[in-house]
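Colleague: build me a model:
(one chain, ligands or ions: 2)
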Amino acid sequence: MRIALAGNQNSGKTTLFNLLTGSNQKIGNWPGVTIDRKSGIIKGTDFELIDLPGIYSLSPYSPEEEISRKFLLEEKPDLIINIADSTSIERSLYLTTQLLELDTRVVLVLNMCDVLRKKGINIDVERLKEELQIDILQISALRGTGIDELIEYLKKQTIKENPRLKIFPENVEKTIAEIEKKNNLPDGRFIAVKLLERDRLFKDLLNKEIEEKINALEKMCGTDMEEAIANFRYEWIEGVVKRSVTSQVIKVTFSDKLDRIFLNKYLGIPIFVVIMTLVYLLSVGVVGGTTVEWIENGTERLQEAVASGLHNLGASEWSVSLMTDGVITGVGAVLNFVPQLLILFICISVLETTGYMSRIAFLLDKIFRRFGLSGKALIPFIVGSGCTVPGIMATRTVEDSREREMLITLTPFIPCSARLPIISLIAGFFFDKYMGLVTASFYFLAIAVIILSAIILKKTIYKDVNSSYVCELPEFRLPDARYVARDVWEKTWGFIKRAGTVIFLCSVVIWVLLSFSWRFEYGIPVEKSILASIGNLFSWIFYPMLGELSWGATVSAIQGLVAKEQVVSSMAVIAGFSGEVSGNLLFSGEGIFGFFTPASAYAFMAFNIFSAPCFGAISAMHKEFGSIKKTLQAVFFQTGLAWVLATFIHLIGLAIGGIF
Ligand code: GDP
Ligand code: MG
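Modeller: Ligands and ions are numbered 1, 2, ... in the order given. Below you'll find the model as predicted:
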């Protein structure tokens with residue numbers, strides 16, 4: 001298939017041409033003139049694309065117009081991509097209406113959609129499609145958005161015949177139809193109009209009968225037909241534009257000025273990295289660092305008080321242990337993290353409501369696009385940083401079903417708030433002062449994991465994904481306090497509620513499994529407990545990432561399936577059972593988790609963060625996939641990847657440790 005690229009000067013033809021053809025270009029001169037003739041093969045297809053000289057009409061006023069017209073009429077490409085600068089659509093459509101008179105099919109591509117908002121222009125594309133009765137695609141050649149969609153569209157080859165628009169008044173249309181019928185030539189309507197205009201290229205076709213018709217029409221219009229035709233066109237276009245395009249005068253707002261910084265090509269992403277790091281430094285580092293100790297002290301005092309209270313009431317030894325070593329330790333280990341989560345939720349929510357996150361979506365769009373995702377993926381990711389379940393539901397904003405399925409698999413990789421305690425607890429001991437940085441590192445690691453997974457998925461399961469793209473941006477706003485308050489409350493309360501229900505129950509179960517042997521003896525050494533024997537059964541799975549057969553770490557990681565914060569809770573209960581260690585001392589030398597090194601600790605965190613999410617999230621995945629097979633496929637993918645990654649991290653850690 002041969003495709004001609006036609007459009008006004010500076011509409012972005014060359015930019016689009018280079019994008020579509022990549023390096024498969026040939027540049028020469030048009031026969032007889034020294035105007036560039038560029039042609040190339042569109043990437044991933046065998047379609048030849050020819051970049052025509054920039055033109056405003058198909059009248060033979062300039063050598064460029066002459067060449068373009070000759071090419072279109074004589075060499076007859078199979079398709080015309082009419083590229084239009086969407087910020088000056090009126091001028092562009094003048095050419096479009098002429099191209100539509102040819103027999104060669106036309107698809108209209110509106111370029112520069114990235115600057116529409118800045119210029120205060122809003123195009124109702126659906127309306128425009130109705131008016132012009134052709135397919136319209138929106139792109140930004142500069143940013144590379146919409147290009148994959150364009151190629152996919154071309155590949156489908158579902159382009160309709162050109163419509164016969166009624167652009168001219170009734171009697172002119174009638175004359176055009178008559179001439180067209182009589183001549184019965186290819187591009188008949190185009191030639192008929194040109195005959196009315198007394199175009200010199202077609203003077204051989206002029207005859208007396210047509211002359212008479214032109215004279216009659218000219219008498220009626222009061223001008224010569226060439227001018228009249230141009231006027232009719234402009235009038236018609238004006239009507240179309242009035243109905244489908246609205247624009248307002250835009251001053252350079254404060255928001256625009258901010259965008260110059262936040263959307264800067266080079267600074268945008270680094271600024272984002274700095275902002276997110278600061279957010280985690282503040283919440284996990286500063287706030288978390290202090291409050292965890294306070295709450296731990298409080299928990300200990302509560303344990304003592306409850307223990308002595310129960311003893312005084314004559315409670316049995318085991319019921320005191322259930323309350324203190326089971327419930328208070330388990331639930332307390334999770335509630336520890338409420339203050340830092342609160343701060344984190346506030347920061348994220350503020351960034352969201354000011355419109356900053358939309359900008360990041362816009363910035364990441366170009367990067368994500370290479371991996372079959374789009375900037376829109378950021379929405380589920382941000383929601384997922386609170387809780388994976390609504391994050392998975394937020395994938396519904398993505399139109400393409402294949403991209404959406406990829407996102408359902410990828411969203412659980414974003415560390416949800418329940419996974420934050422795992423990082424906080426472990427990083428707090430092993431990385432101490434750098435805890436905030438290590439925490440932030442997991443979010444960036446998550447992005448790397450997502451990109452890596454997207455590449456794998458795009459190469460295997462989702463080969464023909466069509467990502468949708470972000471074209472418009474909201475204004476920057478002051479944060480909406482009501483929105484922030486509600487959002488933060490919902491997330492925080494959700495977290496606390498889980499501590500009171502799921503974690504409470506799990507703590508009781510863990511206590512039972514730790515306190516009793518299979519023969520149901522109480523007061524046995526912890527290594528003889530039911531839980532230890534279960535852990536021993538599976539501990540080999542975790543050996544490569546831990547360098548140790550640890551039933552405690554094994555059963556804790558498995559409990560992440562119930563709720564991710566349960567990993568922390570379980571470790572706290574187990575450590576408490578096997579010695580007088582808790583909180584920051586959890587990993588000290590004599591304790592059951594004393595074998596952890598910084599390398600295996602980081603590896604263990606990575607496994608817990610990136611392996612299958614909790615059952616709640618898995619069932620949300622199932623609901624959105626609507627297929628058990630796809631759900632299992634995703635869960636195995638996540639867990640497998642996490643295992644490989646964790647093992648890899650541990651090995652690298654060992655290698656680095658070996659060097660120093
Ligand atoms: P041509 O004359 O039709 O070949 O247009 P060019 O491809 O040379 O583009 C003209 C100018 O518009 C160049 O400065 C491009 O960088 C710019 N341009 C092209 N496409 C876009 C776009 O989508 N958005 C913006 N903002 N600028 C664009
Ligand atoms: Mg050019």
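
Colleague: all strands of the stretch 151-300 of the chain, in order?
Modeller: Counting by DSSP state E, counting those that start in this stretch, the stretch 151-300 of the chain has strands at residues 245-247.

Colleague: what about it, any weak spots by pLDDT?
Modeller: Judged by pLDDT under 70, the stretch 151-300 of the chain has its weakly predicted residues at 249-251.

Colleague: now the chain
Modeller: For the chain, the stretches with pLDDT under 70 are 249-251, 464-472, 579-585, 658-660.

Colleague: mind listing what the closest residue to ligand 2 within it touches?
Modeller: Using CB to the ion, the single residue of the chain nearest to ligand 2 is residue 14, 3.3 Å away. C-betas here are computed from N, CA, C, even on glycine. Neighbouring residues of residue 14 by CB atoms under 8 Å, 6 or more residues apart in numbering: 38, 51.

Colleague: okay, buried residues for the helix or strand hosting it please.
Modeller: Assigned by DSSP states H and E, residue 14 belongs to helix 13-21. Residues of helix 13-21 classed as buried: 13, 15-17, 19-21 (neighbour count, 16 or more other CB atoms under 10 Å).

Colleague: with stretch 418-438 instead?
Modeller: For stretch 418-438, a neighbour-count test (16+ other CB under 10 Å) marks 418-431, 435-436, 438 as buried.

Colleague: quick one, phi psi at residue 31?
Modeller: In terms of degrees, to the nearest 10, the main-chain angles of residue 31 are phi -50, psi 130.

Colleague: just checking, what packs against the helix or strand harbouring residue 406?
Modeller: Per DSSP H and E: residue 406 is located in helix 401-410. Helix 401-410 sits against helix 435-459, helix 615-625, helix 628-659, with contacts defined as 3 or more CB pairs under 8 Å, 6 or more residues apart in numbering; DSSP states H and E.

Colleague: so how far is the helix or strand that it is followed by from its chain's centroid?
Modeller: The C-terminal neighbour of helix 401-410 among helices and strands, as given by DSSP H and E, is helix 420-430. Counting by CA atoms, centre = their mean, to the nearest Å, helix 420-430 is centred 29 Å from the centre of its parent chain.

Colleague: ditto for stretch 395-406
Modeller: 10 Å.

Colleague: same check on stretch 327-339?
Modeller: Chain-centre distance of stretch 327-339: 34 Å, with CA atoms, centre = their mean.

Colleague: residue contacts, residue 121?
Modeller: Each residue near residue 121 by CB under 8 Å, 6+ apart is listed here: 86-87, 245-247.

Colleague: quick one: contacts for the residue of the chain positioned farthest from its centre?
Modeller: Distance from the C-alpha centroid of the chain, by CA atoms, centre = their mean, peaks at residue 208 (63.8 Å). Residue 208 makes contact with no residue, according to CB under 8 Å, 6+ apart.

Colleague: buried among the contacts of residue 121? Need that as a selection in PyMOL.
Modeller: Buried subset of those, written as a PyMOL selection, criterion 16+ other CB under 10 Å:
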select buried, resi 86+87+245
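
Colleague: any chance of the contacts of residue 121 in CSV, plus distance to residue 233?
Modeller: Formatted as CSV, the contacts of residue 121 follow (distance: CB to CB, whole Å):
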residue, distance to residue 233
86, 19
87, 20
245, 17
246, 22
247, 21
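
Colleague: what's the neighbour count on residue 565?
Modeller: By other CB atoms under 10 Å, the residues close to residue 565 number 32.

Colleague: quick one, phi/psi of it?
Modeller: Backbone torsions of residue 565, given as degrees, to the nearest 10, read phi -70, psi -20.

Colleague: next one: it from residue 610, what distance?
Modeller: As judged by CB to CB, to the nearest Å, residue 565 and residue 610 stand 16 Å apart.

Colleague: for residue 72, same thing?
Modeller: Distance of residue 72 to residue 610, given as CB to CB: 55 Å.

Colleague: those two: who's more crowded?
Modeller: The residue with more neighbours, out of residue 72 and residue 610, is residue 610; 27 against 23, by other CB under 10 Å.

Colleague: quick one: contacts for that one?
Modeller: The neighbours of residue 610, taking CB under 8 Å, 6+ apart as the test, are 413, 446, 449, 638, 641-642, 645-646.

Colleague: now it. Nearest residue, chain neighbours left out?
Modeller: Of all residues not flanking residue 610 in the chain, residue 642 sits nearest, at 3.8 Å (CB to CB, 6 or more residues apart in numbering).
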